[in-house]
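Participant: what's the 3D shape of this:
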Amino acid sequence: MTKMRTVDAAVAILAKEGAIEAFGLPGAAINPFYSAMRAHGGIRHTLARHVEGASHMADGYSRAADGNIGICIGTSGPAGTDMITGLYAAWADSIPMLCITGQAPVAKLHKEDFQAVDIESIAKPVTKMAMTILEPGQVPGAFQKAFQLMRSGRPGPVLLDLPFDVQMAEIEFDIDAYEPIAVEKPKASRNQLAKALDMLTAAERPLIVAGGGIINAGASAQLVELAELLNVPVIPTLMGWGTIPDDHELMAGMVGLQTSHRYGNETMLASDFVIGIGNRWANRHTGGLDTYTAGRKFVHIDIEPTQIGRVFSPDFGIASDAGAALDGLIELARERQAAKSLPDYSAWVAECTARKGSLQRKTHFENVPIKPQRVYEEMNKAFGKDTTYVSTIGLSQIAGAQLLHVFGPRKWINAGQAGPLGWTCPAALGVVRGKPDETVVALSGDYDFQFMIEELAVGAQFNLPYIHVVVNNSYLGLIRQSQRGFNMEQNVSLAFENINSPETNGYGVDHVKVTEGLGCKAIRVENPSDLPAAFDKAKALMDEFKVPVVVEVILEKITNISMGVEINGVNEFEELAERGEDAPTAIIALLD
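Facilitator: Residues are numbered from 1 along each chain as shown. The predicted structure is shown next:
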């Protein structure tokens, strides 16, 4: 056995567990851990400008690829509390992420020492485990348990808090004898899956709702295979977007109150059976449950047993990892296909495809200031199928989800449930770390962009290139839209006469100057016809300088995006597409 500091043992465990990408800010109470990372040399560290930003970077890195676990590191006190929003975003979307904080020495924890806070208690509601490690000998086991928990069942984040004296203590530890604890995931039985398949094949108009659990399981290919075997249309949730490519015949659109397609909602309302796999029945997806559930039966498969029946009681529920369930369903479907006992759903598929080719929103507007729909049309033209989009919340994200196209798993990365403003920029930097050779395009409104704009400097310092599209209407747009009935618009406008930047024409913050001051590149676009050239220039600048490039698009200030309170009552504020030229980048061309 070798005698070493606990922090040296912890860093060795990180490397053996495959968690080698860290984001953080050092401080006095976590310096021993940083010294251990430096001595080890196998953990890459990206220095953030804000610890919340570091937590979102770690979150984005975890979401970027199967098996990733990002690490967020900070000192005691406010560093830990700064991580809470990041922990919440990861916990809400079932993302594994490890936060490590420094802490005052054990003997001073009850003395109100400088920057000593009970971060364990604060973090517990938004983690799978939060632990202040009080005994040096517990450090290896705590890290071992953390990795098992992050990977087992419904994934999620963990916070480990390390008092200074615990970090400095020496223990006997042999990394060669260390082994990860086996991951625990429930698996559906053949009998359960046969019943689910019996219920599906008894229906006339079945649908598969594909949730983010399929992406977490790395099982998108199995989802597509099952859909093709059964010839059943798929409705991805916002977190499951990309499980089936948008241009696949069986991709029937997204359903919901905001991030949805007109044809997706109509197809859901026309269905008589739904099997949800790895999804939560989120309220922005379902809307009113009476409308959503009326006239159809439901099977719900989820890795977390307590999720089944949480929102509404399905007709049949199965606790299972999404990948294991899909593998079992594929086996059964192949057997029934060979026996020629599967129903023919070609007429139902044709009906869904017809809706996809007719119920579309208009995107081709020539207005100046620019309408947001035109921005997404031009993004569809400018960025290829390999693009990974990163976004979080607001009218920008809602309209983007309605109008952009996604062609594979982990190509739409979105803080879906928590939706914290400011998440997009740091998360995109984490995604670039996780996808260093791929095209990453972030999408923000002006307020989301301003929340953590300082993290652009991280992209410049560490050469993390991506394109950040900022649609600027100088409003808290989603809040303005939700407050229409209260006559409160004057309370949410972000516009002001910036006397130091008159070129903003009353749109307030000069994002171009700020971006360039942080070491990045920026382009401002005011006319829709200039968008293609701006995106081309952004790609060239990104390739040349290897830094984030911001494309700021000046929008009309008052914009209302399609949404409602029921899936059969979404308000369409703009004119709808009537001919192909109205929606030229639609997946299926609209017939004139």
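Participant: Please make it C-alpha for all contacts and neighbour counts, starting now.
Facilitator: OK.
Participant: how long is stretch 107-116 end to end?
Facilitator: 11 Å (Cα to Cα, to the nearest Å).
Participant: and it, average pLDDT?
Facilitator: For stretch 107-116, the mean pLDDT works out to 81.
Participant: Going toward the C-terminus from the helix or strand of the chain with the lowest mean pLDDT, what's the next helix or strand?
Facilitator: One helix or strand of the chain scores below all others by mean pLDDT, DSSP states H and E: helix 477-482, with a mean of 66. Of the helices and strands lying after helix 477-482 in sequence (DSSP states H and E), the nearest is helix 511-517.
Participant: Does anything pack onto that following helix? Which helices or strands?
Facilitator: Secondary-structure packing of helix 511-517 (3 or more Cα pairs under 8 Å, 6 or more residues apart in numbering; DSSP states H and E): strand 521-525, strand 549-554.
Participant: Out of these, which gets nearest to residue 122?
Facilitator: Of all the helices and strands packed on helix 511-517, it is strand 549-554 that lies closest to residue 122, at 35.7 Å by Cα to Cα.
Participant: Would you mind listing the outside residues contacting that closest one?
Facilitator: Strand 549-554 is contacted from outside by 369-370, 375, 465-473, 511-512, 515, 520-526, 534-535, 538, 541-542, using Cα atoms under 8 Å, 6 or more residues apart in numbering.
Participant: tell me the mean pLDDT for it?
Facilitator: Mean per-residue pLDDT for strand 549-554: 97.
Participant: same check, this time on stretch 413-424
Facilitator: Mean predicted lDDT for stretch 413-424 stands at 91.
Participant: okay, it in PDB with CA atoms only?
Facilitator: Provided in PDB are the C-alpha atoms of stretch 413-424 (Å, rounded to 0.1, in the frame of the first residue of the first chain):
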ATOM      1  CA  ILE A 413     -28.600  20.200 -26.000                       C
ATOM      2  CA  ASN A 414     -31.000  22.100 -23.800                       C
ATOM      3  CA  ALA A 415     -31.500  22.700 -20.100                       C
ATOM      4  CA  GLY A 416     -35.100  21.600 -20.500                       C
ATOM      5  CA  GLN A 417     -36.700  21.500 -17.100                       C
ATOM      6  CA  ALA A 418     -34.700  24.100 -15.100                       C
ATOM      7  CA  GLY A 419     -34.200  26.500 -18.000                       C
ATOM      8  CA  PRO A 420     -31.700  28.900 -16.200                       C
ATOM      9  CA  LEU A 421     -30.900  32.100 -18.000                       C
ATOM     10  CA  GLY A 422     -27.200  32.300 -18.600                       C
ATOM     11  CA  TRP A 423     -26.800  28.600 -19.100                       C
ATOM     12  CA  THR A 424     -26.200  28.600 -22.900                       C
END
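Participant: That stretch: how far from the chain's middle?
Facilitator: Offset of stretch 413-424 from its chain centre (Cα atoms, centre = their mean, to the nearest Å): 7 Å.
Participant: Show residues contacting it.
Facilitator: Stretch 413-424 is touched from outside by 53, 56, 60, 63-64, 85, 88-90, 92-93, 238-239, 388-393, 442-444, 447-453, with contacts defined as Cα under 8 Å, 6+ apart.
Participant: Can you select the buried ones from those in ChimeraX?
Facilitator: Here is the ChimeraX command that selects only those of the contacts of stretch 413-424 that count as buried (16 or more other Cα atoms under 10 Å):
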select :53,56,60,63,64,85,88,89,90,92,93,238,239,388,389,390,391,392,393,442,443,444,447,448,449,450,451,452,453
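Participant: Out of the contacts of stretch 413-424, which sit inside helices?
Facilitator: Within these, residues falling in helices by DSSP state H are 53, 56, 60, 63-64, 85, 88-90, 92, 447-451.
Participant: So residue 532 sits against residue 377, correct?
Facilitator: No. Between residue 532 and residue 377 there is no contact, the gap being 10.2 Å when judged by Cα atoms under 8 Å.
Participant: okay, the two: which has more neighbours?
Facilitator: Neighbours per residue (other Cα atoms under 10 Å) separate residue 532 from residue 377, with residue 377 holding more: 23 against 15.
Participant: who touches that one in this structure?
Facilitator: Taking Cα under 8 Å, 6+ apart, we find residue 377 in contact with 363-364, 403-404, 583-585.
Participant: Look up how far residue 296 lies from residue 202.
Facilitator: Distance from residue 202 to residue 296, by Cα to Cα: 12 Å.
Participant: Have a look at the two and say which one is more surrounded.
Facilitator: Counted by other Cα under 10 Å, residue 202 and residue 296 do not tie: residue 296 has more neighbours, with 17 against 12.
Participant: Does the more buried one touch residue 275 like I think?
Facilitator: No. Using Cα under 8 Å, residue 296 is not in contact with residue 275, being 10.4 Å away.
Participant: quick one on the thing from earlier: which among the helices and strands packed on helix 511-517 is found nearest to residue 43?
Facilitator: Ranking these by their distance to residue 43 (criterion: Cα to Cα) puts strand 549-554 first, at 27.4 Å.
Participant: quick one: low-confidence ranges for this structure?
Facilitator: The model of the chain has pLDDT under 70 over residues 1, 476-491, 591-592.
Participant: Which single helix of it contains the most residues?
Facilitator: Per DSSP H, the chain has its longest helix at helix 322-338.
Participant: packing partners for it?
Facilitator: For helix 322-338, the packing partners by 3+ Cα pairs under 8 Å, 6+ apart are helix 190-201, helix 212-216, helix 220-230, strand 297-302.
Participant: elements contacting the second one?
Facilitator: Which is helix 212-216. By 3+ Cα pairs under 8 Å, 6+ apart, helix 212-216 packs against helix 322-338.
Participant: cool, and the third one?
Facilitator: Here helix 220-230 touches helix 322-338, going by 3+ Cα pairs under 8 Å, 6+ apart.
Participant: Name the surrounding residues that touch the helix it packs on.
Facilitator: 187-188, 190, 193-194, 197, 213-214, 217-219, 222-223, 225-226, 229-230, 277-278, 301-303, 342.
Participant: tilt between it and helix 220-230?
Facilitator: 20 degrees (axes from the mean of the first three to the mean of the last three Cα atoms, to 10 degrees).
Participant: buried ones in helix 322-338?
Facilitator: For helix 322-338, burial by neighbour count (16+ other Cα under 10 Å) applies to 322-330, 332-333.
Participant: which residues sit in contact with residue 253?
Facilitator: Residue 253 neighbours (Cα under 8 Å, 6+ apart): 234-236, 246, 260-261, 263-265, 356.
Participant: which of those sit farthest apart?
Facilitator: Longest span within those, Cα to Cα: 246 and 265, 15.6 Å.
Participant: and stretch 156-165, C-alpha only, in CSV?
Facilitator: Written as CSV, here are the backbone C-alpha positions of stretch 156-165 (Å, rounded to 0.1, in the frame of the first residue of the first chain):
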residue,chain,number,x,y,z
GLY,A,156,-27.9,12.8,-11.8
PRO,A,157,-25.3,15.0,-10.1
VAL,A,158,-23.4,14.6,-6.9
LEU,A,159,-21.6,17.1,-4.6
LEU,A,160,-18.6,16.1,-2.4
ASP,A,161,-17.4,18.7,0.1
LEU,A,162,-13.8,18.4,1.3
PRO,A,163,-12.7,20.1,4.6
PHE,A,164,-9.2,21.5,4.3
ASP,A,165,-7.7,19.2,6.9
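Participant: Now do it: distance to the chain's middle.
Facilitator: Centroid displacement of stretch 156-165 relative to its chain, using Cα atoms, centre = their mean, is 24 Å.
Participant: got it, and stretch 417-429?
Facilitator: Worked out by Cα atoms, centre = their mean, stretch 417-429 lies 8 Å from the chain centre.
Participant: Just the terminal-to-terminal distance for it.
Facilitator: Stretch 417-429: ends 20 Å apart by Cα to Cα.
Participant: now swap in stretch 523-540 and tell me
Facilitator: Counting by Cα to Cα, you get 12 Å between the two ends of stretch 523-540.
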